[in-house]
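J.: Task: produce atomic coordinates for the following.
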Amino acid sequence: MKTPLHHLLVSAFVYAGLGVASGLFYREFTQLNGFPEGEFTQLGLTHTHLLALGFFPFLILLGLERLFALSRFRRRFRWFLGLYHAGVILTSAMLIVHGVLTVLGLESSKMIAGVAGLGHIAITAAIIVLFFTLRSAIAPAAPAPAVPATAADPAAAADPANAGAPARP
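T.: This is a model prediction of the structure:
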């Protein structure tokens, strides 16, 4: 990973491209196969899922990273990215598979719904990790430890009666 900001920007760009491409695929695939216009298929949802769960959140994360430096919590930030990417990709892939089966007139299995559910679970887990990371990022810094007077003023340590007196040359 180059820099976190670069990774987030590239992720937003890739999800935007995939969102646009999935919309194009939906339109062309349904027309090519003579699928009745206006009839529901999950292919139509892939476009919005990729934009709403991929493109927009990563644009928002760019600002959050810039503001709070979330990536300084390296382990949690990497867990978030891995879970979130896996969840969005898995969910979107299952939408495509289910939608293609619908357009082709084939029966979908419960396994597809189960795998899509795992994608949603991964997204949920990633959001939880993100909230823990955000909480750590905005937590106030611990106050500086109090410095004893003797350590702050060497003259006071040598002679407590001279505490606070200007130092002699």
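
J.: next helix or strand past the one helix or strand F77 maps to?
T.: F77 is part of helix 74-104 when elements are defined by DSSP states H and E. Once helix 74-104 ends, the next helix or strand along the chain (criterion: DSSP H and E) is helix 110-138.

J.: For that following helix, the averaged confidence score.
T.: Helix 110-138 shows a mean pLDDT of 95.

J.: Same question for that helix: list its buried residues.
T.: For helix 110-138, burial by neighbour count (16 or more other C-beta atoms under 10 Å) applies to 112, 115-116, 119, 122-123, 125-126, 129-130, 133-134, 137. Just so you know, the C-beta spots here come from the backbone N, C-alpha and C atoms, and that holds for glycine as well.

J.: Out of those residues, which is nearest to A69?
T.: A137 (6.9 Å; C-beta to C-beta).

J.: where does the closest residue to the closest one other than its chain neighbours land on pLDDT?
T.: Distances taken as C-beta to C-beta, 6 or more residues apart in numbering place F68 nearest to A137, at 3.9 Å, with adjacent residues excluded. At F68, the model reports a pLDDT of 93.
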